[in-house]
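# Sharing a sequence plus its predicted fold:
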Amino acid sequence: MGRTIKCDVVIAGGGLSGCLVALALQARHPSLDVRLVEQGERLGGNHLWSFFEQDLDPAGLALVAPLISHGWDGYEVRFPTRSRELGSAYRSVRSDQLDHHVRAMLPPNAILTGAHIVELGPRHVETRDGTRFEARSAIDARGAGELGHLDLGWQKFVGQEFTVAGGHGRSRPVIMDANIPQIDGYRFVYTLPFTSDTILVEDTYYADDPVLDHALLAGRIADYADRHGWHRRTVVRQEAGVLPVALGGNFDGYWRSTGQGVPKVGVRAGLFHPTTSYSLPDAVRIALLIADRRDFSATTLHDALYGEARQRWRERRFYRLLDRMMFRAAEPDARFRIMARFYGLDATLIERFYAARSTGWDKARILMGRPPVSIWRALGQLLERKKGQF
Ligand SMILES: Cc1cc2nc3c(=O)[nH]c(=O)nc-3n(C[C@H](O)[C@H](O)[C@H](O)COP(=O)(O)OP(=O)(O)OC[C@H]3O[C@@H](n4cnc5c(N)ncnc54)[C@H](O)[C@@H]3O)c2cc1C
């Protein structure tokens with residue numbers, strides 16, 4: 001028999017969204033007994049999360065400000081047909097800083113790492129060693145649920161952080177450099193210059209399948225680095241991701257796939273931008289929404305989170321339509337033209353797109369003109385709405 005710990009709220013999964021909920025609750029309700037249970041030894045794993053500052057409101061920015069490791073006042077995109085500099089502030093959070101900050105802010109007994117959860121319900125969590133947490137509510141923040149309920153494309157990448165002897169010569173992020181061979185869908189290289197001689201280089205694909213060949217992509221990163229004269233380099237960190245790009249799907253099926261009546265946050269709640277797969281802005285907003293509450297009973301918390309996530313899923317159908325246009329109406333090697341055209345639009349429209357706050361006029365503007373896709377296949381995607389999906 002393991003031990004039983006009684007508390008107010010237990011958060012399952014100490015990744016991005018679980019940590020943000022814990023931080024927001026600690027700040028707003030310091031007397032609440034909150035426990036954060038994570039299978040890894042470190043909170044947040046090995047990640048770098050980036051976001052545009054305008055995606056967050058002042059309260060959200062205040063929550064993440066202590067986590068920000070790097071920041072830039074603008075970024076670039078590069079396509080064969082156009083290059084552009086944009087003035088939006090871009091910020092990055094390193095997982096080691098998240099781990100450090102959460103440990104500094106929460107009481108030591110609030111964090112349990114190296115604890116694999118084997119059982120979870122609306123009011124309890126149980127770990128492999130038999131420790132049972134009983135709470136007013138358990139919040140599931142363990143990452144993706146059953147993705148089979150969603151119609152998906154994939155954003156996949158391998159990233160390497162290098163030090164480059166003599167410096168790399170870049171001062172701002174290039175979040176899309178598509179001046180490279182278009183292979184396996186829409187391909188671009190994403191670079192973040194952290195210091196004058198440290199840079200992250202990610203080889204990224206908007207692809208139909210989730211298969212990731214690490215060695216192949218590492219070779220392509222090396223080609224890109226060589227082409228830019230970064231010959232004397234040392235890899236200091238690597239990361240890889242296969243992230244869902246939502247084309248459609250059954251939101252309710254997805255929600256139910258990880259348990260009825262369980263409050264959920266993060267990707268587990270379907271809260272990510274359908275096109276970019278970014279989830280940080282949603283995770284921040286939801287953490288503050290939870291912290292604003294006084295009632296932490298599982299039923300009311302579940303209903304609030306389910307209502308919120310479902311509402312966002314509904315509101316974001318436009319982005320799923322665009323994703324279908326990219327994945328179903330454009331030939332894979334022509335997908336980059338959609339992005340090149342998009343980056344010719346007004347800078348504030350682009351900002352609202354990333355924040356998933358496009359206006360009706362933005363949407364019309366994005367669809368207007370001559371999109372670089374087959375008009376018949378595009379019409380097919382406009383009309384597609386399968387039963388039970390939205
Ligand atoms: C490499 C990579 C880079 C990304 N970059 C960005 C970015 O720049 N900006 C952005 O907004 N989004 C980014 N994303 C997408 C998304 O924001 C992240 O996946 C984000 O971490 C999702 O947050 P989450 O809290 O839902 O899940 P996670 O952060 O994955 O957290 C889930 C946690 O639950 C734990 N867990 C799972 N199962 C159990 C269990 N049984 N018992 C105990 N613990 C468990 C995991 O160990 C993990 O720590 C990136 C994703 C990846 C993979």
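Arrived safely, thanks for sending. Residues are numbered from 1 along each chain as shown.

# how close does the residue of the stretch 251-390 of the chain found nearest the ligand sit to residue 141?
Nearest residue of the stretch 251-390 of the chain to the ligand (C-beta to the nearest ligand atom) works out as residue 266 at 2.5 Å. Just so you know, the C-beta spots here come from the backbone N, C-alpha and C atoms, and that holds for glycine as well. Note on residue 266: its distance to residue 141, by C-beta to C-beta, to the nearest Å, is 5 Å.

# what's the answer for residue 181, then?
Distance check for residue 181 against residue 141: by C-beta to C-beta, it reads 39 Å.

# For these two, work out which one has more neighbours and name it.
Each of residue 181 and residue 141 has its neighbours counted (other C-beta atoms under 10 Å); residue 141 has more, 30 against 10.

# which residues touch that one?
With contact set as C-beta atoms under 8 Å, 6 or more residues apart in numbering, residue 141 has these partners: 11-15, 17-18, 21, 264-266, 268.

# Closest one of those to residue 122?
Of all the contacts of residue 141, residue 122 sits closest to residue 264, with 10.4 Å by C-beta to C-beta.

# Quick check, residue 121 in contact with residue 137.
No: no contact is recorded between residue 121 and residue 137 when judged using C-beta atoms under 8 Å, the distance being 10.2 Å.

# still on that earlier bit, now flag whichever of the contacts of residue 141 is closest to residue 293.
Proximity of those to residue 293, judged by C-beta to C-beta, is greatest for residue 21, which lies at 11.2 Å.

# Could you pull up the contacting residues of the residue in the chain that the ligand sits nearest to?
Taking C-beta to the nearest ligand atom, the ligand has its nearest neighbour within the chain at residue 15, 1.7 Å off. When contacts are counted by C-beta under 8 Å, 6+ apart, residue 15 is found next to 38, 43-45, 141-143, 266.

# In contact with the nearest residue to residue 250 once chain neighbours are set aside, which residues are there?
Among residues not flanking residue 250 along the chain, residue 149 sits closest, at 4.9 Å (C-beta to C-beta, 6 or more residues apart in numbering). Taking C-beta under 8 Å, 6+ apart as the definition of contact, the neighbours of residue 149 are 249-251, 253-254, 257.

# which SS state does the closest residue to residue 143 other than its chain neighbours fall under?
With C-beta to C-beta, 6+ apart as the measure, residue 267 is the residue that lies nearest to residue 143, at 5.4 Å, once sequence neighbours are left out. Reducing the assignment to helix, strand or coil with DSSP: H, G, I helix; E, B strand; the rest coil, the entry for residue 267 is helix.
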